[in-house]
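A.B. asks: After the sequence you'll find the predicted model.
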Amino acid sequence: MTLTMRAIWAIAGFALATALGILLDGSPVRAQASPAIATTIAPPPRAQLQPPRRVAPPPVVEEPAPAAAEEADPEAADPDAGPDVSDDPDQPRRLSGGQRRALRDGDFLAVPGQGGPADGIAGIGEPAALLDRTDPTLVDSRTAEDIAAFENPPSDFDPRLFDAELEPILDRRPAQLFRFEPYTPKGIKVATFVLLPEIEMAGAHLSNVFRDTNARSDRAFELRPAVRLVSDWRKHALELRAVGFASFYDDFTTENDRAYRLETRGRLDITRRTSIEGLLSREVAQESRSSIDTVQGAGRRNDVTTERAAATLNHRFNRLSVQLRGAVTDVSYGDAQAAGGGVIANSRRDYKVYEEAVRASWELKPTLSTFVEAGLNQRDHAAIASADGFRRDSTGERYRVGVSFGNTGQRIRGEVSVGYAHQRPDERQLEDIDGVIIDANLAYRFSALTSFLLTARSDVTETTVVGSPGALTRQIGLEARHAFLRQLIGTAGLSYTVQDYAGVDLEERELRAALGLEYFVNSDVTVFGNYLHTAFNSSQPGRSYDADEVRVGLRLRR
């Protein structure tokens, strides 16, 4: 077969294959694509179809040959070159916008003065793909939403309120997203600080004041004042906080609460990637009568004082972030007043906890990262327990792996993790405590009207129960919040807690269900009401109970 005949048969075969492809495939003809290959290079841009526009024909300018044009004017091949200011009559004049010739179909250029692309001119809606051999780590491939969330937080995110959060699982920003409100507290400007005062007054009815099988009801007036002083600095941060709680019962004055919390936290910005955070706090509250370790038959409940000092070092290595934490907690129990007079000492229950932890996080994107965390603790008790003669000093480890969604997103914030806990008593006669632990502090904004909050806590708690070194406590809760009207917001919550005591046949379970309603009169005044039901069940006879609480009150803030 001659060369000419081979060429004719090749052209005929190609034409036949093309015709069959068009007939068998109903979709528009497209260029052949190579097989998909996993790569970090961004996909090529797609042309966005635009409606036809009627435009005036552009002036026709004689176009030189391609090679000559590039040789004569190198800027013609460079779309980023500046405007042509040459008056040389031998050079083709640029149109407005930098064109050097008449527009043709398929040109990705805008027609001057028409406000948009013309017929046959496609608009690009995505960024251009990276060139081959370009290092993708040197190019910011994040979406505009991710960049805005990381570099420019939304306007309703107020960094003044959340400047120092030492422990990620206790971060307050997920709760802020969950508790959306029609008004944001304005605060009072005090030099370079913002003062945020608040007071809550409520009337309460409690069906089981003493939380036991013999339910006795009472009414109480409750008062909760709070004030925060938060710095408004470009660098560093300082926050002072004071919260109080007082209740006044009509019949059972022994149950009156006198509690408060004082807290100071701050952040020192060493560099853009390194910071040190610290916290000092003191909290005084009355021990619950439902606690298995509380003094039975006491006339007035004893105080529990908790003092804590904590520090955190944060450093960021590009996508890798490392956090080192350390804390010392001192828990002391005040003397209880006996029902018939006299004092019941509780100082033998005092203990201290020393904690050290390291956490490494890898950022997949500003609103998603994974982390691993390992922690140690040492628990030292002031004296041996009088009930069984054992000293409950111990050492423990905590290991966690989880996912964090960051704390600036407007859809989801917080983290969730799963891990393993092991607490080892120094006394050989006491059993070890170990098990799976789950921790969560996750808020999800389902819509503009509805949000959800998932919380979970797991840890080993101390006890003086005879023969037990402590209990592995697991708690999980889910809350929902919905705005029926802009100023009328309802909440509903459910939580479940299990305490499994090691070394003894004892288990306690508590179920709580809550409903609430808030009406925001304005930015300073809120009327609220809530209902709480508690069902407590213990394997120890005579300790199970049910309780209902109803509150209606007023909240004032600035």
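C.D. replies: Perfect, I can see it now.
A.B. asks: Report the central residue of this structure.
C.D. replies: residue 414 (2.2 Å; Cα atoms, centre = their mean).
A.B. asks: ok, it - contacts?
C.D. replies: Listed by Cβ atoms under 8 Å, 6 or more residues apart in numbering, the contact partners of residue 414 are 171, 173, 174, 404, 405, 407, 440, 441, 442, 443, 454. Where you see a C-beta, it was placed from the backbone N, CA and C, and this is true even at glycine.
A.B. asks: mind listing which of the residues you listed are in helices?
C.D. replies: Of the positions in those, 173, 174 sit in helices, assigned by DSSP state H.
A.B. asks: In terms of model confidence, name the weakest of the contacts of residue 414.
C.D. replies: On pLDDT alone, residue 407 ranks lowest of the contacts of residue 414, at 89.
A.B. asks: Where does residue 541 sit: helix, strand or coil?
C.D. replies: The assignment at residue 541 comes out as coil when based on DSSP: H, G, I helix; E, B strand; the rest coil.
A.B. asks: go on, residue 222?
C.D. replies: Taking three-state DSSP as the rule, one finds residue 222 in the strand state.
A.B. asks: can I assume it is in contact with residue 204?
C.D. replies: Yes. The pair residue 222 / residue 204 is scored as a contact, 5.5 Å apart, by Cβ atoms under 8 Å.
A.B. asks: Tell me the residues that contact both of the two, please.
C.D. replies: 247, 551.
A.B. asks: Tell me the bridge partners for the residue nearest to the centre of the chain.
C.D. replies: residue 442 (DSSP bridges).
A.B. asks: any idea how far residue 301 is from residue 291?
C.D. replies: In this view, residue 291 and residue 301 are 10 Å apart by Cβ to Cβ, to the nearest Å.
A.B. asks: And these two? Which one has more around it.
C.D. replies: A side-by-side neighbour count of residue 291 and residue 301, using other Cβ atoms under 10 Å, places residue 301 first with 21 against 13.
A.B. asks: Could you list the low-confidence segments of the stretch 401-550 of the chain?
C.D. replies: Applying pLDDT under 70 to the stretch 401-550 of the chain flags no residue at all.
A.B. asks: Spell out the residue ranges of the strands in it.
C.D. replies: Taking DSSP state E, counting those that start in this stretch, the strands of the stretch 401-550 of the chain run over residues 412-425, 433-445, 450-461, 471-483, 488-501, 506-520, 525-538, 545-557.
A.B. asks: Need these in a markdown table (columns: distance to residue 266).
C.D. replies: Formatted as a markdown table, the strands of the stretch 401-550 of the chain follow (distance: least, Cβ to Cβ, whole Å):
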| stretch | distance to residue 266 |
| --- | --- |
| strand 412-425 | 23 |
| strand 433-445 | 22 |
| strand 450-461 | 25 |
| strand 471-483 | 30 |
| strand 488-501 | 32 |
| strand 506-520 | 32 |
| strand 525-538 | 30 |
| strand 545-557 | 24 |
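A.B. asks: of all those, which lies closest to residue 333?
C.D. replies: Of all the strands of the stretch 401-550 of the chain, strand 450-461 sits nearest to residue 333, with 14.2 Å by Cβ to Cβ.
A.B. asks: Quick one: the strands in the stretch 151-300 of the chain, in order.
C.D. replies: In the stretch 151-300 of the chain, the strands defined using DSSP E, counting those that start in this stretch lie at 188-190, 193-206, 218-231, 237-249, 258-269, 274-286, 298-300.
A.B. asks: The second one: partners in the sheet, and parallel or antiparallel?
C.D. replies: With DSSP bridges as the test, strand 193-206 is paired with strand 188-190 (antiparallel), strand 218-231 (antiparallel), strand 545-557 (antiparallel).
A.B. asks: Select, out of the ones you listed, the one closest to residue 351.
C.D. replies: Closest of the strands paired with strand 193-206 to residue 351 is strand 545-557, at 27.7 Å (criterion: Cβ to Cβ).
A.B. asks: now the closest one and strand 506-520, what's the angle there?
C.D. replies: Following axes from the mean of the first three to the mean of the last three Cα atoms, to 10 degrees, one obtains 30 degrees for the angle between strand 545-557 and strand 506-520.
A.B. asks: How far does strand 545-557 sit from its chain's centre?
C.D. replies: In terms of Cα atoms, centre = their mean, to the nearest Å, the centre of strand 545-557 is set 28 Å apart from its chain centre.
A.B. asks: residues in contact with residue 182?
C.D. replies: By Cβ under 8 Å, 6+ apart, the residues touching residue 182 are 483, 486, 487, 489, 520.
A.B. asks: Rebuild the strands paired with strand 193-206 as CSV, extending it with mean neighbour count and distance to residue 494.
C.D. replies: As requested, the strands paired with strand 193-206 are exported to CSV (neighbours: other Cβ atoms under 10 Å; distance: least, Cβ to Cβ, whole Å):
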stretch, mean neighbour count, distance to residue 494
strand 188-190, 11, 37
strand 218-231, 17, 23
strand 545-557, 16, 15
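A.B. asks: Can you check which of those strands gets nearest to residue 283?
C.D. replies: Taking Cβ to Cβ, strand 218-231 is the member of those nearest to residue 283, at 13.4 Å.
A.B. asks: outside of that closest one, which residues touch it?
C.D. replies: Residues outside strand 218-231 that contact it (Cβ under 8 Å, 6+ apart) are 160-161, 163, 187, 190, 192-206, 209, 237-252, 255, 551, 553.
A.B. asks: Now whichever helix or strand residue 363 is part of: buried residues?
C.D. replies: Per DSSP states H and E: residue 363 is located in strand 351-365. Using 16 or more other Cβ atoms under 10 Å as the test for burial, strand 351-365 gives 351, 352, 353, 355, 357, 359, 361, 363.
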